[in-house]
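Participant: Got a sequence here, can you build the structure:
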Amino acid sequence: RHQMDQEHMMNGSGSSSGHLGAYDTRWQRIIDCVNLKQPDRMPVPLWAFFWFAKYDGSVTFRDLMYAPQRCVEIVERATLEFDPDMVVPIVTQIGWGATADVAGLRTFQWPGHGVGENRPFQYLDKSYMSVEEYDTFLSDPTAFFLKTYMPRVCGAFEGIENMPTFTGMSGLRILGALSGFARPEVKTSMLKLIEAGEEANRLVTEAKRFAERMKTLGYPVAYGSIVLNPYDTVADYWRGATNMMKDMFRHKEKVLEVLERATIYIEEAAVAGGKAAGNPLVFMPTHWAADAFMSQKQFETFWWPPFRRLLMRLVENDLIPMVLWEHDCDKRLEAIADVPAGKCIYYFERTENLLKAHEIMGGHVALRGGVSAPTLAKGTPEDVDAEVRTVVEKVWNKGGKLILDCGIGIPDDAPVENVRAMFAAARNYAS
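Facilitator: Presented below is the predicted three-dimensional model:
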């Protein structure tokens, strides 16, 4: 690593002040795109999950999740080779294996824990909340989550379901209720939660160390916090996708009430987390907004209003929503253009959506993407070069504020030479 640092320093950021100057230059490219100004060149992030195992060639996906220091070394080596404009915060992205083990997380499977050691983590679409519990959530959300929901999704919370309920407590009744903490199952759960908290704190510390290391080398990390939108929160992790789709028909008013209440809590956490991160970029993946999953009327009734409210709250607090529009969302483009100009990054999985988005809102939001996952994973370097050249001609050269990336980040199985071709083409056609 020392030799690579020396080479990097010779390439233009040789001193500590030089590194910080390079950091500011790269960060300014991103901010210029957000502010709808033309940067000095088209920015390109290094954004991947388990592809770093392929890049290194000697580690498994599981190794990346459970050995964060080794993972960080590999990402640093790739960063110095590709010289991106921002880097995936890899510890936050995939370094949570040990924390999930201790916490007893049940909503995912991950390498060596439900899937093979060289398979990516998978979210499990299950129902952890009955339709009758909508009212329980609405009447006392804290008690519902602490004593009902969390024990279902996280083993460390199992004993907490027997903890006293303090809603409405007052006077000497508080003292009597405290005896509930002496229950063996509650005490056991408390100890498990302390252990999980210590592991989570190690994860946070490692993530901060990574961000600081990248900054000293002159590279911003690609986001400071992650926020899921209200509809997807309920569909992914509370009711399950199928139940949520049925609920839109069978329990419309109740779903809208739950989404409104959930949005309040998600907003508060999103703003607090974004400000605490010290990085205004807020990564916002979307899962159920795609054309195939609901009608346009349902999108404009259930999905978009609470999400737009969340976006506006972030913007009002000087945070930058970076929304990943997954799947095909061609029918949504007109609606999602209704955001303040110069405040958001819209990251499109599908290149065809990005090209159309440039026509509809290219002078309104920064765009990210442009290289398709099939091309990067299965094409040749020549195919990648041609695709980059096309999106540069159709978007960048026509005034679009484009952050070039693969639509889902670098696929886990993408050949390294294809990734090199993507970065080389970006420098060749848009510098």
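
Participant: low-confidence ranges in the stretch 251-400 of the chain?
Facilitator: Within the stretch 251-400 of the chain, no range satisfies pLDDT under 70.

Participant: Which per-residue confidence value corresponds to Q3?
Facilitator: As predicted, Q3 sits at a pLDDT of 42.

Participant: cool, L36 as well?
Facilitator: For L36, the model assigns a pLDDT of 97.

Participant: Tell me if I am right that it is in a strand.
Facilitator: No. Membership of L36 in a strand is not supported by DSSP: H, G, I helix; E, B strand; the rest coil, which gives coil.

Participant: Got phi/psi on it?
Facilitator: phi 60, psi 30 (degrees, to the nearest 10).

Participant: That one: neighbouring residues, count only.
Facilitator: The local packing of L36 (other Cβ atoms under 10 Å) involves 17 other residues. (C-beta placed from N, C-alpha, C; glycine too.)

Participant: Next: the one 3 residues further on.
Facilitator: Other residues within reach of P39, judged by other Cβ under 10 Å, total 20.

Participant: mind checking how far it is from W51?
Facilitator: 26 Å (Cβ to Cβ, to the nearest Å).

Participant: before we move on, what about A426?
Facilitator: According to Cβ to Cβ, A426 stands 17 Å off from W51.

Participant: likewise S170?
Facilitator: S170 is 56 Å from W51, by Cβ to Cβ.

Participant: quick one: contacts for the residue lying closest to V419 once chain neighbours are set aside?
Facilitator: For V419, ignoring the flanking residues on the chain, the nearest one in space by Cβ to Cβ, 6 or more residues apart in numbering is I410 at 5.8 Å. For I410, the contacting residues are L46, W47, A48, W51, L376, V419, by Cβ atoms under 8 Å, 6 or more residues apart in numbering.

Participant: one more time with 6 Å
Facilitator: A48, W51, V419 (Cβ atoms under 6 Å, 6 or more residues apart in numbering).

Participant: What is the burial count for the first one?
Facilitator: In terms of burial, A48 registers 25 neighbours under the definition other Cβ under 10 Å.

Participant: How about it, nearest residue that isn't a chain neighbour?
Facilitator: Spatial nearest neighbour of A48, excluding adjacent residues (Cβ to Cβ, 6+ apart): I410 at 3.9 Å.

Participant: can you give me phi and psi for that neighbour?
Facilitator: phi -70, psi 120.

Participant: ok, now L105?
Facilitator: Dihedral angles (degrees, to the nearest 10) for L105: phi -60, psi 130.

Participant: now the residue of the chain positioned farthest from its centre: how far from M294?
Facilitator: Going by Cα atoms, centre = their mean, the residue of the chain most distant from its centre is L172, 45.3 Å out. Counting by Cβ to Cβ, the gap from L172 to M294 is 52 Å.

Participant: Equivalent analysis for P285, please.
Facilitator: For P285 relative to M294 (Cβ to Cβ), the value is 17 Å.

Participant: Mind checking which of those two has more residues around it?
Facilitator: M294 (19 against 16).

Participant: So the more buried one versus I408, what's the distance?
Facilitator: M294 is 21 Å from I408, by Cβ to Cβ.

Participant: just E393 next, same as before
Facilitator: Distance of E393 to I408, computed by Cβ to Cβ: 23 Å.

Participant: who has more neighbours, these two?
Facilitator: Between E393 and I408, counting by other Cβ under 10 Å, I408 is the more crowded of the two (21 against 12).

Participant: for that one, phi and psi?
Facilitator: phi -130, psi 20.

Participant: buried set for stretch 216-236?
Facilitator: 217-236 (16 or more other Cβ atoms under 10 Å).

Participant: So which of those residues sit within helices?
Facilitator: L217, P230, Y231, D232, T233 (DSSP state H).

Participant: and the two most separated of those residues?
Facilitator: The largest separation in those, counting by Cβ to Cβ, is between L217 and Y231 at 38.5 Å.

Participant: Can you report how many residues lie near P184?
Facilitator: P184, neighbours per other Cβ under 10 Å, totals 9.

Participant: okay, the residue nearest to it when sequence neighbours are not counted: pLDDT?
Facilitator: Nearest non-adjacent residue to P184, counting by Cβ to Cβ, 6+ apart: G159, 8.0 Å away. G159 is assigned a pLDDT of 95 by the prediction.

Participant: Pretty sure G159 sits in a helix.
Facilitator: Yes. Counting by three-state DSSP, G159 falls inside a helix.

Participant: dump the residue contacts of L367.
Facilitator: Here L367 is in contact with Y346, L354, G400, L402 (criterion: Cβ under 6 Å, 6+ apart).

Participant: now G104
Facilitator: C154, G155, A156.

Participant: tell me the phi and psi of it?
Facilitator: Main-chain dihedrals, G104, degrees, to the nearest 10: phi 70, psi 40.

Participant: do the same with L404
Facilitator: phi -70, psi 130.

Participant: Strands of this structure, start to end?
Facilitator: Taking DSSP state E to define them, one finds strands in the chain at 45-46, 86-87, 108-111, 114-115, 122-123, 225-226, 281-285, 320-325, 345-348, 366-371, 402-406.

Participant: Show me the one of those that comes nearest G180.
Facilitator: strand 108-111 (30.8 Å).

Participant: Buried residues, the closest one. List them.
Facilitator: By 16+ other Cβ under 10 Å, the buried positions in strand 108-111 come out as Q109, W110, P111.

Participant: Can you give me every residue that contacts the last one?
Facilitator: Counting by Cβ under 6 Å, 6+ apart, P111 touches F61, R62, M65, E117, R119.

Participant: now the second one
Facilitator: For W110, the contacting residues are G97, F121, by Cβ under 6 Å, 6+ apart.

Participant: ok, it to T136 distance?
Facilitator: 30 Å.

Participant: For D247, grab the count of nearby residues.
Facilitator: 20.

Participant: Surely it touches L256?
Facilitator: No. Using Cβ atoms under 6 Å, D247 makes no contact with L256, being 10.2 Å away.

Participant: hey, what's in contact with both of those two?
Facilitator: Common neighbours of D247 and L256 (Cβ under 6 Å, 6+ apart) do not exist.

Participant: burial count for V88?
Facilitator: 26.

Participant: how much space between the residue nearest to it when sequence neighbours are not counted and G159?
Facilitator: Nearest non-adjacent residue to V88, counting by Cβ to Cβ, 6+ apart: W47, 4.8 Å away. W47 is 39 Å from G159, where distance means Cβ to Cβ.
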